[in-house]
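how does the following fold in three dimensions:
(2 chains)
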2 protein chains.
Amino acid sequence: MFEFDVIARSGDARAGVFHTPHGDLLTPVFAPVGTQATVKALTPTHLTELGASLVLANTYHLYLRPGDDLVKEFGGVHEFMRWPGPMLTDSGGFQVFSLSDTRKIDSDGVTFKSHLDGALHRFTPERSMEIQNNLGADIIMAFDECPPPLDRAYNEIALARTHAWAERCRNYHRRDSQALFGIVQGGIFADLRERSARFLMGLDFPGYAIGGLAVGETKAQMHAALEVVNDALPPDKPRYLMGVGTPEDLVNGVMRGVDVFDCVLPTRLARNAAAFTRRGRLNMKNTQYARDHRPVEEGCACYCCANFTRGYIRHLIVAREILASTLLSMHNVHVLLTIMREMRAAIVEGTFERYAQTFLSEWKGTQINSI
Amino acid sequence: MFEFDVIARSGDARAGVFHTPHGDLLTPVFAPVGTQATVKALTPTHLTELGASLVLANTYHLYLRPGDDLVKEFGGVHEFMRWPGPMLTDSGGFQVFSLSDTRKIDSDGVTFKSHLDGALHRFTPERSMEIQNNLGADIIMAFDECPPPLDRAYNEIALARTHAWAERCRNYHRRDSQALFGIVQGGIFADLRERSARFLMGLDFPGYAIGGLAVGETKAQMHAALEVVNDALPPDKPRYLMGVGTPEDLVNGVMRGVDVFDCVLPTRLARNAAAFTRRGRLNMKNTQYARDHRPVEEGCACYCCANFTRGYIRHLIVAREILASTLLSMHNVHVLLTIMREMRAAIVEGTFERYAQTFLSEWKGTQINSI
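Sure, this is the predicted structure:
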């Protein structure tokens, strides 16, 4: 279990198979996010039809509500939300630092106030493992501290804690049915990133996550950090870039050796009326789409584009209908999953370099509304 | 087109086939409501999978937003919302009187303020026909006035207008592809209801709606009105009880000769965390369901009940997840459509009387939470 077979390479990009108890993941892979044990506005059947393979759920959210003990009672998060494929949980660390009111960080753990009701809670590495054991995802994460990526002094202090906590997680987690990944931190600082990767390799995790990116640094800084980390990490283990991203981030990540991604962006943008296309992002609420008979993206095979016009989608958005969120979530997830499948095929066929160049030259990162 | 074949009877209950341009309706039939050209929280594919055959859309809402001219440009409401089966639109009358700020009613029509932006609009019988022609549903409704059901004096005045307007609608609407139904009004007053039915029969509509019920009168008063109307209406035309209802209302309606129903209740209740069961209504938000491993309704074959526990549904509700609305809408629509299919089968098999008795004796109209 949890072997990772790299079946093809193209530069630093890899196509692989990661074996999990709930099935094989074909990498590179993008995981839609089911924060509260549901990928917002989509049913599990929708996800299956979209070709999703890996789904992420959030430890912090499920611990607070409905409680990891309750999820365990229902047979774990797979059974609770009825997702038959592989799942991943984060450590709770990122949300503790970004969503909650963090009260006290010490070498042992973090005390924080719930964003739901202000109640005090405490996470330690061992508690994070216990909660993630209760949730029962296939891939789980070591508990880490997530400092702002540009603050060197803070990153040095936080990295020492993250490493000590990674070791405690490694010692506590003894379950063969869940693969524990270490999380490389170190902000934008090449030496810290390299130090982090090498330290965690010493703990011999079945996979490595790259945390603390896409949270304020430039794209160039993110790419540089990825290059350092992926040069340092072992070539025979999967690498997971947390919380990324946009279509261009996915292509840039795969080019730099990343195998696994997750991000709330496709579903969050959908609920805010934005659609990914191959050439950038559309704000579907714009008046110009009111009488537009084309699908959201011409040539797209998703249920939304195969059936509905931009005019109808805009009407649903303006009328605040739930179906707008559902259809745009389908489309956006479809776009990212399709790009991942295309990249995998291109790596296998040896055409990845051209694919990535073409994609990035056609992609417009900012919102566009002329198409 | 628009022939109605009654294929079996059981007392006053009828099983029939109503032929429309978008397919045959097997009656008795319940239409989920797609107010703004979407049945809230469900895709057209969900509706097809649930076995829905007829879908209603609201003239008032679509006239105001996105505009009936725009819907026409997109090929009509079927094509706009991608519902391949038969559709029905109401006349706009009920919403003008219930949702908008009605400014002036005269013999020619009604001036009202939009509930969206306060702008002044005017509906006349001819305008309602024109709008419904633009929307293009298979079954359309004569423009009527909807007075409070218990006010005799108002009902007499309104009835005269409703009849004059029905005649104007009959004269204006000359399209063979849309069946125009007259609407019987008259509140709870037997003589007015009978007068209304007889007057409209004189205009020889292809079907008759029964309006102004389920808006404040008692169940006994509703049943009495139905009995009077259905005794008076021609036996070879479909009868449509507007805006009804609950499972028990459907059974009571079919017992009294109704063929077609529509109601927002299954989807509206779903968005408010309530589930229909055969034995009453459950508030799925209740704490008692947090650790309940059973489906919403034991023995139910819908996607919600085939896959998810009450504990998970309650979690989605408490966490305010869109999926709660989708799954409970599926369940509630499934319950009503299943009851309709069972009633039709029972009428055909000659067991309807027993079916209705058993159903009504087991049904608890009020909210129950003990099961």
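
quick one: the helices in the stretch 51-200 of chain A?
A:59-64, A:68-73, A:77-81, A:93-98, A:125-135, A:152-172, A:190-202 (DSSP state H, counting those that start in this stretch).

tell me the most buried of the ones you listed?
Mean neighbour count, computed with mean count of other CB atoms under 10 Å in any protein chain shown, is highest for helix A:59-64 among the helices of the stretch 51-200 of chain A, reaching a mean of 25. Where C-beta positions appear, they are placed from N, C-alpha and C, glycine not excepted.

what does that one rub up against?
Applying CB atoms under 8 Å, 6 or more residues apart in numbering or on different chains, the set of residues contacting helix A:59-64 from outside is A:35-37, A:68, A:71, A:77, A:89-92, A:94-96, A:99-100, A:114-116, A:121, A:128, A:131-132, A:135, A:141.

show me where pLDDT drops low in chain A?
A:365-371 (pLDDT under 70).

at 80 what do you get?
Along chain A, the model assigns pLDDT under 80 to residues A:364-371.

so which strand or helix has the most centrally placed residue in it?
Taking CA atoms, centre = their mean, the centroid of chain A lies closest to residue A:262, which sits 1.4 Å from it. Secondary-structure assignment from DSSP states H and E places residue A:262 in strand A:260-263.

got the CA positions of the next helix or strand after that strand in CSV?
On the C-terminal side of strand A:260-263, the nearest following helix or strand under DSSP H and E is helix A:265-271. Taking C-alpha atoms only, helix A:265-271 is exported to CSV below (Å, rounded to 0.1, in the frame of the first residue of the first chain):
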residue,chain,number,x,y,z
LEU,A,265,-10.8,27.9,-6.0
PRO,A,266,-13.0,26.1,-8.6
THR,A,267,-15.9,25.8,-6.2
ARG,A,268,-15.5,29.1,-4.4
LEU,A,269,-15.2,31.0,-7.7
ALA,A,270,-18.3,29.2,-8.9
ARG,A,271,-20.3,30.4,-6.0
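
I'd like the next helix or strand past helix A:265-271.
strand A:274-277.

and that next one, what does it pack against?
Counting contacts by 3 or more CB pairs under 8 Å, 6 or more residues apart in numbering or on different chains; DSSP states H and E, the secondary-structure elements packed against strand A:274-277 are helix A:265-271, strand A:280-283, helix A:322-349.

among those, which is nearest chain B?
helix A:322-349 (4.4 Å; CB to the nearest CB).

buried residues, that closest one. List them.
Using 16 or more other CB atoms under 10 Å in any protein chain shown as the test for burial, helix A:322-349 gives A:322-340, A:343-344, A:346-347.

is that helix anywhere near chain B?
Yes. When contact is scored as CB under 8 Å from any CB of the partner chain, part of helix A:322-349 falls within range of chain B: A:322, A:323, A:325, A:326, A:327.

what is the nearest of these to residue A:46?
residue A:326 (7.7 Å; CB to CB).

quick check: the closest one touching residue A:42?
Yes. Using CB atoms under 8 Å, residue A:326 and residue A:42 qualify as a contacting pair, with a distance of 6.7 Å.

quickly list what residue A:276 is bridged to.
Per DSSP bridges, residues listed as beta-bridge partners of residue A:276: residue A:281.

which residues does it contact?
A:246, A:247, A:266, A:269, A:297, A:331, A:332, A:335, A:336.

okay, it and residue A:284: tell me how far apart.
11 Å (CB to CB, to the nearest Å).

could you look up the SS state of the residue of chain A positioned farthest from its centre?
Checked against the mean C-alpha position of chain A, the extreme residue using CA atoms, centre = their mean is residue A:291, at a distance of 35.5 Å. With DSSP: H, G, I helix; E, B strand; the rest coil as the basis, residue A:291 sits in coil.

distance of it from residue A:314?
Distance of residue A:291 to residue A:314, computed by CB to CB: 9 Å.

and if you look at residue A:110?
Relative to residue A:314, and taking CB to CB, residue A:110 is found at 44 Å.

again, but for residue A:252
The gap separating residue A:252 from residue A:314 is 31 Å, by CB to CB.

residue A:243 too?
Applying CB to CB, the value for residue A:243 to residue A:314 is 30 Å.

enumerate the residues of the stretch 201-350 of chain A near chain B.
Among all residues of the stretch 201-350 of chain A, those adjacent to chain B (criterion: CB under 8 Å from any CB) are A:290-291, A:293, A:303, A:307-309, A:311-312, A:314-316, A:318-319, A:321-323, A:325-327.

you'd agree residue A:209 is in a strand?
Yes. Read with three-state DSSP, residue A:209 is one of the residues of a strand.

quick check: bridge partners of it?
residue A:183, residue A:240.

turn the residues of helix A:322-349 next to chain B into a markdown table, columns for distance to residue B:168.
Below are these laid out as a markdown table (distance: CB to CB, whole Å):
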| residue | distance to residue B:168 |
| --- | --- |
| A:322 | 38 |
| A:323 | 36 |
| A:325 | 42 |
| A:326 | 41 |
| A:327 | 39 |
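
nearest to residue A:85, of those?
Taking CB to CB as the measure, residue A:85 lies nearest residue A:326 of the residues of helix A:322-349 next to chain B, at 20.2 Å.

tell me the contacts of the closest one?
Contacts here follow CB under 8 Å, 6+ apart; on that basis residue A:326 touches A:41, A:42, A:46, B:41, B:43, B:322, B:326.

by neighbours, which of those residues wins?
Highest neighbour count within these: residue B:326, with 29 neighbours (other CB atoms under 10 Å in any protein chain shown).

what does the helix or strand hosting residue A:227 contact?
Residue A:227 belongs to helix A:219-232 when assigned by DSSP H and E. Surrounding helix A:219-232, the residues in contact under the criterion CB under 8 Å, 6+ apart are A:12, A:149, A:184, A:186-188, A:190, A:193-194, A:196-198, A:201, A:210, A:213-214, A:217, A:239, A:241, A:249, A:252-253, A:256-258.
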